[in-house]
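1. Give the three-dimensional model of this entry:
(chains A and B, ligands or ions: 3)
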Amino acid sequence: MAENHTTSTDMPVPYSTGDSKISETTIAEMRELAARYPVGRSALLPMLHLVQSVEGRVTPEGIEACADVLGLTGAEVSAVATFYTMYKRRPVGDYHVGVCTNTLCAVMGGDLIFERLKQHLEVGNDETTEDGKITLEHIECNAACDYAPVMMVNWEFFDDMTPETATQLVDDLRDGTEVKSPRGATICTWKEAERVLAGFPDGRADEGPTGGKATLAGLRLARERNWTAPSGQHGGGGAAAEQTVSPEAASGPRPEDQPGKESGTGSPAIPDSRKED
Amino acid sequence: MLTPVLSDNWDQIRSWQLASYQRSGGYDALQAALRMQPADVITAVKDSGLRGRGGAGFPTGMKWSFIPQDNPKPKYLVVNADESEPGTCKDIPLMMASPHTLVEGVIISSYAIRASTAFIYVRGEVLHVIRRLQQAVEEAKAAGFIGTNILGSGYDLDVVVHAGAGAYICGEETALLDSLEGRRGQPRLRPPFPAVAGLYGCPTVINNVESIASVPAIIKNGPDWFGSMGTEKSKGMTLYSLSGHVTRPGQYEAPLGITLRQLIDLAGGIREGHELKFWTPGGSSTPLLTAEHLDVPLDYEGVGSVGSMLGTKALQIFDETVCVVRSVLRWTEFYKHESCGKCTPCREGTWWLVQILERLEKGQGTEADLDTLLDLSENIMGRSFCALGDGATAPITSSIQHFKDEYLAHFTHGGCPFDPMASTVFATAGASA
Ligand SMILES: Cc1cc2nc3c(=O)[nH]c(=O)nc-3n(C[C@H](O)[C@H](O)[C@H](O)COP(=O)(O)O)c2cc1C
Ligand code: SF4
Ligand code: FES
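-> Ligands and ions are numbered 1, 2, ... in the order given. Okay, here's the model as predicted:
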């Protein structure tokens, strides 16, 4: 790994392109965000997410709008926007594709996946494909190390990746094939995702499973071997069969009885089936 | 052996919804807490022995008791859901599977410290987790668990889910407060401590997701129940996260004090045909350990006694195919990238560490470089403004301590002697890049 993997793009940053989409509605939504906090300025991070959802990046007009609503200077808002890696000054594609190259994912295959995708998409780190569809970026640990190597598309999890599944994934995204996260929802656009991060839910919380195989690894083993926490003074704290749990929950169907309720098919009794997944 | 409490409902259908959570006894603890005096809730959490699960292990009940109740300003609870320490992956699956466990904990904890507003500061890079948190808070509002006069108790609370924007340093509690105030996330000078002057200069408690999520079980089952698990000074159950070269990586909820040998056994062993080389007990900021340490009790005291830290119980497992130098370089690049730039030892020091490690990895260094690395680390450790700088030195000093020969092998070999394909999950699947 001689080449510095973090080498970043030298693509120019467009200043204003004169086609800002910040509207009266955007300003009203910014005010709504500010009103959710005891002090309005606390809404600045959500407001910058909102700017990205409208503009596809943080534009000079977006910065001015935040400044106006909060009574700050543009410089004060810029100082904040440039501090955080999720705020982008160059236009982002419909799909932001992140490959975790922090140590654990890197050695488990993340470095090779990132190299493969750079070649396959003919872009460098933090660059966008010519069709404007995909922005590729290497990312830091995304709190999913038990699913390494991990990728994120518009900040949805893609677990246990290989160079092959990674190229297939980006091909599907470019072709407009519907793509679902194994631990999340159907993939929306990056702008739509940014709107949820700003604090405007999109009603998709019920899609996807409770967790994947790794999330449930310990629990399944405990169930299999009848291990529970000690029972408490009110009888709780044990397995789902304790009396604090209503009968229908205790005897209710397990996720594995219901298709699509849980990703991964491996049972803890058999060796890791990731490679076949 | 395993004691699922926080994870106990994760295999229930739609466990993230209010109806499912209530079917497994959810919000019973809130009802019980609202019948208690707030001070008695604090006492119960103190008596349980719960220590912060965000890394430092500070007693949670004691932290709450520092809030000056005679201070007329509003009080705030802030949940640290920034989970970004490399290797750490417990809070995110918890909030994905059972956001209501956290929300119930938030309401009880806020009641205990008499907070008027609680914030859940969640890292921005986890869209679906944010959706589930947003929905859980809305469901709890609709059910009357959040809002005015909660369940007729006269207690009012608002809860805000706040998405961050990508910055590891915002997990540091005072940087988090600056970020939550709409600023660059840079740590604050302490004192004053957040308990006295935190968010907006008001008394503020900041706790990790898992700490707060443990509160409902404590209230429901009692402090003695909690203390019946774990060791003398490290009580209760906790989420251990195994990742890397084990057969079944994942979340394993066990009493504090279990050993890595036991956990690896539960996870089906090290991946077939390989052996343990090194591991982190609690993320990349905790000094590396080796196979020598398989029987160390994984509690605050046990891990401390062998010169590391329990941290976030992020057990990253690396087998003999992994190059220590490459691993340490990558972590160091992370710290350099995430250094907030406020203080010189960390801002300049992490930059120099990367320069030297890059040279070493290419086999172009000398043995004197190892001394320079240790010297630099000594100058960062304890002289940085916050613990990020200290953490950056942990992989370096511990790896030189345990694997000096491997650094030297890079010089004699004229580069990295390891095959980067051998350590991948697809190594045996015949894939190539
Ligand atoms: C650089 C840095 C990053 C941190 N990241 C987190 C984090 O993501 N989540 C967390 O709970 N604590 C994190 N901490 C620890 C917090 O500062 C704080 O100690 C913790 O949130 C307190 O909660 P607890 O007492 O419940 O553990 C971090 C500390 C440092 C120095
Ligand atoms: S130690 Fe690093 S992260 Fe912490 S204040 Fe100094 S420069 Fe910032
Ligand atoms: S190292 Fe990739 S998700 Fe943690």
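2. which residues sit in contact with the closest residue to ligand 3 within the stretch 251-400 of chain B?
-> The stretch 251-400 of chain B approaches ligand 3 most closely through residue B:316 (7.8 Å), counting by CB to the nearest ligand atom. Every C-beta, even on glycine, is put in place using the N, C-alpha and C of the backbone. With contacts defined as CB atoms under 8 Å, 6 or more residues apart in numbering or on different chains, residue B:316 is in contact with A:103, A:104, A:145, B:86, B:87, B:243, B:244, B:279, B:280, B:283, B:284.
3. ok, residue 101 - contacts?
-> In the absence of a named chain, chain A is used. So residue A:101 contacts A:5, A:110, A:111, A:114, A:138, A:139, B:330 (CB under 8 Å, 6+ apart).
4. please go with chain B instead
-> Residue B:101 neighbours (CB under 8 Å, 6+ apart): B:6, B:9, B:21, B:26, B:94, B:213, B:216.
5. May I ask which two of those are separated the most?
-> B:26 and B:94 (13.8 Å; CB to CB).
6. which phi and psi does whichever residue of the stretch 151-300 of chain B sits closest to chain A have?
-> Relative to chain A, the nearest point of the stretch 151-300 of chain B is residue B:221 (2.4 Å; CB to the nearest CB). Torsion angles at residue B:221 (phi, psi; degrees, to the nearest 10) stand at phi -100, psi -10.
7. what number of residues lie near it?
-> Using other CB atoms under 10 Å in any protein chain shown, residue B:221 has 25 neighbouring residues.
8. re the thing from before, for the residue of the stretch 251-400 of chain B closest to ligand 3, give the beta-bridge partners.
-> residue B:243, residue B:280 (DSSP bridges).
9. Next, find the distance separating it from ligand 1.
-> 16 Å (CB to the nearest ligand atom, to the nearest Å).
10. about what we covered before: nearest to residue B:150 among the contacts of residue A:101?
-> residue A:139 (39.1 Å).
11. so what's the closest one bridging to?
-> residue A:100.
12. residue ranges of the strands in the stretch 101-250 of chain B, please?
-> B:117-122, B:158-163, B:204-208, B:237-244, B:250-255 (DSSP state E, counting those that start in this stretch).
13. residue ranges with poor pLDDT in the stretch 251-400 of chain B?
-> Within the stretch 251-400 of chain B, no range satisfies pLDDT under 70.
14. Strands of that one, start to end?
-> Using DSSP E, counting those that start in this stretch, strands in the stretch 251-400 of chain B cover B:276-280, B:289-290, B:314-319.
15. okay if I get the ones you listed as JSON lines plus distance to residue B:396?
-> Formatted as JSON lines, the strands of the stretch 251-400 of chain B follow (distance: least, CB to CB, whole Å):
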{"stretch": "strand B:276-280", "distance to residue B:396": "13"}
{"stretch": "strand B:289-290", "distance to residue B:396": "15"}
{"stretch": "strand B:314-319", "distance to residue B:396": "16"}
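16. What is the neighbour count of residue B:180?
-> By other CB under 10 Å, neighbour count at residue B:180 equals 28.
17. Hmm, it is touching residue A:41, no?
-> No. Look at residue B:180 against residue A:41 with CB atoms under 8 Å: they stay out of range, at 9.8 Å.
18. ok so, going back, mind putting the contacts of residue B:316 into JSON lines with distance to residue B:204?
-> Supplementary listing: the contacts of residue B:316 in JSON lines, determined by distance: CB to CB, whole Å:
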{"residue": "A:103", "distance to residue B:204": "33"}
{"residue": "A:104", "distance to residue B:204": "33"}
{"residue": "A:145", "distance to residue B:204": "30"}
{"residue": "B:86", "distance to residue B:204": "27"}
{"residue": "B:87", "distance to residue B:204": "28"}
{"residue": "B:243", "distance to residue B:204": "32"}
{"residue": "B:244", "distance to residue B:204": "36"}
{"residue": "B:279", "distance to residue B:204": "35"}
{"residue": "B:280", "distance to residue B:204": "30"}
{"residue": "B:283", "distance to residue B:204": "24"}
{"residue": "B:284", "distance to residue B:204": "28"}
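19. Look up how far residue B:274 lies from the closest residue to residue A:108 other than its chain neighbours.
-> In space, and not counting its chain neighbours, residue A:108 is closest to residue A:148: 4.1 Å by CB to CB, 6 or more residues apart in numbering or on different chains. Distance of residue A:148 to residue B:274, given as CB to CB, to the nearest Å: 15 Å.
20. between those two, who's got more neighbours?
-> Legend: neighbour count by other CB under 10 Å for residue A:148 and residue B:274, higher for residue A:148 (29 against 17).
21. need the contact list for residue B:41.
-> With the criterion set at CB under 8 Å, 6+ apart, residue B:41 makes contact with B:33, B:108, B:111, B:112, B:219.
22. so which strand or helix has it?
-> helix B:38-48 (DSSP states H and E).
23. Against residue B:57, how distant is residue B:102?
-> Residue B:102 is 20 Å from residue B:57, by CB to CB.
24. Looking at the contacts of residue A:101, which is nearest ligand 2?
-> residue B:330 (18.1 Å).
25. which stretch of helix or strand covers residue A:157?
-> Residue A:157 belongs to strand A:156-158, assigned by DSSP H and E.
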